[in-house]
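1. I would like the atomic coordinates for the input below:
(3 chains)
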Amino acid sequence: MFELSLQSAKTLKECVDAIATLIDEGHFEVGADGVKLRAMDPSQVAMVDFFLPKTAFEKYDVKNEARIALNMDDLSRVTSRYRPEEKLTLKLDDSKARLTMVFKGKHTRRFNLPLLDITHAPTRQPKIEFDSRMRIQGGALKEALKDAALVSSYVVLRADTEGFVIEANGDKGNVTIETAKNDEVLLEHAVGKESRSMFPLEYLNDILKAADAGAPVSLDLKTNAPLRVEYSIGDAAVVYYLAPRVEG
Amino acid sequence: MFELSLQSAKTLKECVDAIATLIDEGHFEVGADGVKLRAMDPSQVAMVDFFLPKTAFEKYDVKNEARIALNMDDLSRVTSRYRPEEKLTLKLDDSKARLTMVFKGKHTRRFNLPLLDITHAPTRQPKIEFDSRMRIQGGALKEALKDAALVSSYVVLRADTEGFVIEANGDKGNVTIETAKNDEVLLEHAVGKESRSMFPLEYLNDILKAADAGAPVSLDLKTNAPLRVEYSIGDAAVVYYLAPRVEG
Amino acid sequence: MFELSLQSAKTLKECVDAIATLIDEGHFEVGADGVKLRAMDPSQVAMVDFFLPKTAFEKYDVKNEARIALNMDDLSRVTSRYRPEEKLTLKLDDSKARLTMVFKGKHTRRFNLPLLDITHAPTRQPKIEFDSRMRIQGGALKEALKDAALVSSYVVLRADTEGFVIEANGDKGNVTIETAKNDEVLLEHAVGKESRSMFPLEYLNDILKAADAGAPVSLDLKTNAPLRVEYSIGDAAVVYYLAPRVEG
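-> Sure, this is the predicted structure:
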């Protein structure tokens, strides 16, 4: 049983989109500190680790910690209907059979979403010691991935002492985007050891979908290891892990 | 034989769209008072009753009353090509084999549309004594139907002494949009007897397609009876009737 | 071997689009005076004759004249990624196996495109003595073709002493757009002999795709002869020839 209120549903809408891009069924943990979700995508290539702290809510009344599963597409369709002037309340009723979402402005709009069965245990966070960290403007990163997409569906991310390089190779040619370490879009450039890995573009695009063009995105890299991507959505922190494609 | 002129074809374009959303072949009666059309949609679920008065025209020269049939898609494609600065003249020539539409601004653009055979007699208007009337802002009504569409392809409209309620139920959950009788978007709330009927969303959306977001839409309701929808498009009045889905 | 630089890639992007609309494989001649391309479309219905003079380039360093073939779709995808603030350099390396395109602004973006085999000899320019020339605003011409498209996929262009007429006929009706010789969108009206030919709309639309709405398009006409279309894209001149459909 819980009742949570948000002054505006905008952040929640963006968070739901950031998760729904990878996950079909979302298992949310509504705990003492906030709302948490950690899950692998169905193909087990990417992981999302999401946290929206209690402080983001206007009212955060959690009697018992709850773990609820929702169809992310259906949830996303509801949160997409938010209006800026409305207040949103999320309620889990006693029977726990459904989540009630009430948008209240001039009218009252009530959506009830059925809960899914909890089908799997919480996912554990991977433990990786990364060799380099790049913090780059979301927009610049997305544009570079669009360049790469012209020739391939995979992209190589390389962090070296000179800067950050994105490369792609294919039958249609090859593309290199070099961002020097003193480039203003590269907000942090920390290289313990040169790192180079290849990743599927489709997943990278999904992962970055909810990242603001102007906001920073952190990339943690290690050769042939998963990539860690982190950015903020309002008060929420979203972290993704993406498995590399190990070149033959 | 007739020759009708409009200062701007904008209203005509919107009227044609309001009819073409339901009707494939439009049988127009060009009479002494204005232009009239009344027809059932091909599936016999909805009716449209359209009237554009003589006063809407700059020139209204009707020698003999005429009844002409046009392919609504083709007509809509032509009226969609209107330009605000052009004057439109509609002419039926002597042979009555085609309708001539002349858009005249800096250039002269002439479209000739073939007339179809008159295949059916005029439709009669249904006689229903409704129990309640809601007048609501077009935009608010459309938004509520979008909310409902998240969970079902049918929607329940309910008018009671408290206000106006739109509901939908489906496997994906349920949705309720309550508009209180004193809500500013509810411009009229007259309930003789509580009324509740279910309607197919697809038809409701088609019917409201040409309604302006800011303009009022009248809804006449009676439990398990057809819905009557009325709104204005410039000088034209459009009335629709929609059969209910009687719940099992 | 050559190295060419452009202050902005915008003109090149538009030129590539103007060619790619008709041609799959572009055979460019990089000569002493500029870059040239002349080719038939795969169906042999239309020809494009393109020239971008040396003066359009900031740097134009051509050691040996070169003839290179590129996949136009792939080239178009690269030029579409231009940014206004970037300078573009085109380089053919020694091995001549690929064209290097470097976009240089704050970052460096390098695209390498493989060269295709030179499969055919240069196309010769048709020699036609036209009977009339119309110069018309690109936007007005495009709009008239949209009107015509409502009823047919072919259009008749007619230049006579009164002006310029575009006509189309089909099962859905017929359309006539008359532009009088003193109409302000008709910038030149020179009729040696009345000319009337029919052309496929799809090709005309492709040919005019890169023409600015505000810029003039020259049409040279002769009854049942190919149409010549010419317009400018920045410093470049693009000429098209389109075969008529001879009416039975």
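2. which parts of chain A sit against chain C?
-> Taking C-beta under 8 Å from any C-beta of the partner chain as the contact definition, chain A meets chain C at A:140, A:144, A:146-147, A:150-151, A:171-180, A:183-185. Quick note: C-beta positions are derived from backbone N, CA and C, even for glycine.
3. hmm, try it at 7 Å
-> When proximity is defined by C-beta under 7 Å from any C-beta of the partner chain, chain A lies next to chain C at A:146-147, A:150, A:172-179, A:183-184.
4. I'd guessed residue A:224 sits against residue A:246; true?
-> Yes: shown here, residue A:224 and residue A:246 form a contact pair, counting by C-beta atoms under 7 Å, at 5.4 Å.
5. And the strand or helix carrying residue A:145, how far out from the chain middle?
-> Residue A:145 belongs to helix A:138-149 when assigned by DSSP states H and E. Chain-centre distance of helix A:138-149: 17 Å, with C-alpha atoms, centre = their mean, to the nearest Å.
6. what residues does it touch?
-> With contact meaning C-beta atoms under 7 Å, 6 or more residues apart in numbering or on different chains, helix A:138-149 is reached by A:155, A:166, A:168, A:175, A:177, A:185, A:201, A:204-205, A:208, A:211-215, A:217, A:231, C:81, C:109.
7. Can you give me the buried ones in that helix?
-> In terms of neighbour count (16 or more other C-beta atoms under 10 Å in any protein chain shown), helix A:138-149 has its buried residues at A:138-145, A:147-149.
8. circling back: let's have the residues of chain A next to chain C in a markdown table, adding secondary structure.
-> Putting the residues of chain A next to chain C into a markdown table (DSSP: H, G, I helix; E, B strand; the rest coil) gives the following:
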| residue | secondary structure |
| --- | --- |
| A:146 | helix |
| A:147 | helix |
| A:150 | coil |
| A:172 | coil |
| A:173 | strand |
| A:174 | strand |
| A:175 | strand |
| A:176 | strand |
| A:177 | strand |
| A:178 | strand |
| A:179 | strand |
| A:183 | coil |
| A:184 | coil |
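9. Nearest to chain C among the buried residues of helix A:138-149?
-> residue A:147 (5.7 Å; C-beta to the nearest C-beta).
10. ok, back up a step: will you turn the buried residues of helix A:138-149 into CSV that also has pLDDT?
-> Output for the buried residues of helix A:138-149, formatted as CSV (pLDDT from 0 to 100):
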residue, pLDDT
A:138, 97
A:139, 96
A:140, 96
A:141, 97
A:142, 97
A:143, 96
A:144, 97
A:145, 98
A:147, 97
A:148, 97
A:149, 97
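11. wait, which of those residues is closest to residue B:74?
-> Checking the buried residues of helix A:138-149 against residue B:74 by C-beta to C-beta gives residue A:149 as the nearest, at 41.2 Å.
12. so where is chain A shaky, pLDDT-wise?
-> A:94, A:96, A:248 (pLDDT under 70).
13. count of neighbours near residue A:212?
-> The tally of other residues near residue A:212 (other C-beta atoms under 10 Å in any protein chain shown) stands at 14.
14. could you pull out the helices for chain A?
-> Under the criterion DSSP state H, chain A contains helices at A:10-20, A:72-79, A:138-149, A:201-208.
15. Check which helices and strands the first one is in contact with.
-> Packed against helix A:10-20 by the contact rule (3 or more C-beta pairs under 7 Å, 6 or more residues apart in numbering or on different chains; DSSP states H and E) you find strand A:46-53, helix A:72-79, strand A:227-233, strand A:236-242.
16. Export those as TSV, with columns for mean neighbour count.
-> Converted to TSV, the helices and strands packed on helix A:10-20 look like this (neighbours: other C-beta atoms under 10 Å in any protein chain shown):
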stretch	mean neighbour count
strand A:46-53	21
helix A:72-79	20
strand A:227-233	20
strand A:236-242	20
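17. Residue A:12 is nearest to which of the ones you listed?
-> Ranking the helices and strands packed on helix A:10-20 by proximity to residue A:12 (C-beta to C-beta) places helix A:72-79 first, at 5.6 Å.
18. quick one: contacts of that closest one?
-> Contact with helix A:72-79 is made by A:9, A:12-13, A:16-17, A:19-20, A:23-26, A:101, A:111, A:113, B:150, B:172-173, as judged by C-beta under 7 Å, 6+ apart.
19. Nearest spatial neighbour of residue A:102, chain-adjacent residues omitted?
-> Spatial nearest neighbour of residue A:102, excluding adjacent residues (C-beta to C-beta, 6 or more residues apart in numbering or on different chains): residue A:89 at 4.6 Å.
20. So which residues on chain A come close to chain B?
-> Residues of chain A found near chain B (C-beta under 7 Å from any C-beta) are A:74, A:77-78, A:81, A:106-114.
21. Just the buried subset of the residues you listed, please.
-> A:74, A:77-78, A:81, A:107-114.
22. what's the spacing between the closest residue to residue A:174 other than its chain neighbours and chain B?
-> Nearest residue to residue A:174 in three dimensions, chain neighbours excluded: residue C:112, at 4.9 Å (C-beta to C-beta, 6+ apart). Applying C-beta to the nearest C-beta, to the nearest Å, the value for residue C:112 to chain B is 46 Å.
23. Residue C:95 is in contact with residue C:112, correct?
-> No: using C-beta under 7 Å, residue C:112 is not in contact with residue C:95; the gap is 11.5 Å.
24. Between all of the buried ones among the residues of chain A next to chain B, which two are separated the most?
-> Greatest spacing in these, by C-beta to C-beta: A:107 and A:114 (23.4 Å).
25. which residues touch the residue nearest to residue A:15 when sequence neighbours are not counted?
-> Leaving out its chain neighbours, the residue that sits closest to residue A:15 by C-beta to C-beta, 6+ apart is residue A:236, at 5.0 Å. Neighbouring residues of residue A:236 by C-beta under 7 Å, 6+ apart: A:11, A:15, A:50-52, A:56.
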